[in-house]
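Undergrad: Starting from these lines, generate the structure:
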Amino acid sequence: MLLLEIAFVFMKIGALAFGGAYASIAVVEKQVVEISQWMSYAEFSDLIAIDEITPGPIIINAATFVGMRMAGLPGAIAATLGAITPPVIITALLILLYRKYKEIKIVGNILFALKCMALSMVISTFVSMTLSTVFGGQAIAVNNVNILLTAMAIASFFILKKYKLNPVYVMLACGAINLAFSLLVR
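TA: I've put the predicted structure just below:
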């Protein structure tokens, strides 16, 4: 029964995850953390961090990770298949419709509205992850600020913008710095 629940949850996510990988993180977060309560916000933040350094689409990686955590290899397979089935069907149908009706003005208006919705989902995910990282899932207060993670996030942003490094190297460096600090603080 758990496998069917996992597959169904990720079918819903796959059917509702519009706007690309980063926009759909909010959909996964809501379903996995708030509705199903399979993970805490801190665990979900860890999942996104792991997801970022592994190859492949974020949604599929997240589905596989959550499915594996919930029910082992069968859970990973159920979640992954659940996550990819609706987008494959929906994309095939939309391609057919777009080819036929792309010149109609309302189609352009619909696409513009979808872009706006995707942007709002990306911003929502950014705010949620920023608050989780900066305040460590605690109340928003100055004494709850995680100075090390906040400094690394700001430094990473500037390093990526100025030097155009591969983000994987920056993430690995941040992981090494955080590990070193956690070992020194013990």
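
Undergrad: okay, CA-based contacts and neighbour counts for the rest of this
TA: Will do.

Undergrad: What's the local residue count around residue 156?
TA: Counted with other CA atoms under 10 Å, the burial measure for residue 156 works out to 18 neighbours.

Undergrad: got the phi/psi numbers for it?
TA: Reported as degrees, to the nearest 10, the phi and psi values for residue 156 are phi -60, psi -40.

Undergrad: ok, now residue 146?
TA: Listed backbone geometry of residue 146 is phi -90, psi 100, with angles given as degrees, to the nearest 10.

Undergrad: Residue 137 too?
TA: Note on residue 137: backbone dihedrals following degrees, to the nearest 10 are phi 80, psi 10.

Undergrad: That one: neighbouring residues, count only.
TA: 18.

Undergrad: what helices or strands is the strand or helix carrying residue 121 leaning on?
TA: Assigning secondary structure by DSSP states H and E places residue 121 in helix 105-135. Helix 105-135 makes packing contacts with helix 20-29, helix 41-53, helix 147-163 when contacts are defined by 3 or more CA pairs under 8 Å, 6 or more residues apart in numbering; DSSP states H and E.

Undergrad: Make TSV out of these and add mean pLDDT and distance to residue 113.
TA: Conversion of the helices and strands packed on helix 105-135 to TSV gives the following (pLDDT from 0 to 100; distance: least, CA to CA, whole Å):
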stretch	mean pLDDT	distance to residue 113
helix 20-29	78	14
helix 41-53	84	27
helix 147-163	93	29
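
Undergrad: quick one: which of those is nearest residue 66?
TA: Across the helices and strands packed on helix 105-135, the minimum distance to residue 66, taken as CA to CA, is reached by helix 41-53, at 8.5 Å.

Undergrad: now for that closest one, which elements pack on it?
TA: Contacts defined by 3+ CA pairs under 8 Å, 6+ apart place helix 41-53 against helix 58-101, helix 105-135, helix 167-185.

Undergrad: Check the gap between the residue nearest to the spatial centre of the chain and residue 80 for me.
TA: Relative to the mean C-alpha position of the chain, the nearest C-alpha, by CA atoms, centre = their mean, is the one of residue 25, at 3.1 Å. Computed with CA to CA, to the nearest Å, the distance linking residue 25 and residue 80 is 15 Å.

Undergrad: same deal with residue 60?
TA: Residue 60 is 6 Å from residue 80, where distance means CA to CA.

Undergrad: who has more neighbours, the two?
TA: Of the pair residue 60 and residue 80, residue 80 is the one with more neighbours under other CA under 10 Å, namely 26 against 21.

Undergrad: List the contacts of the nearest residue to residue 18 once chain neighbours are set aside.
TA: Closest residue in space to residue 18, ignoring its immediate chain neighbours: residue 24 at 6.1 Å, by CA to CA, 6 or more residues apart in numbering. The contact partners of residue 24, by CA atoms under 8 Å, 6 or more residues apart in numbering, come to 17, 18, 59, 121, 122.
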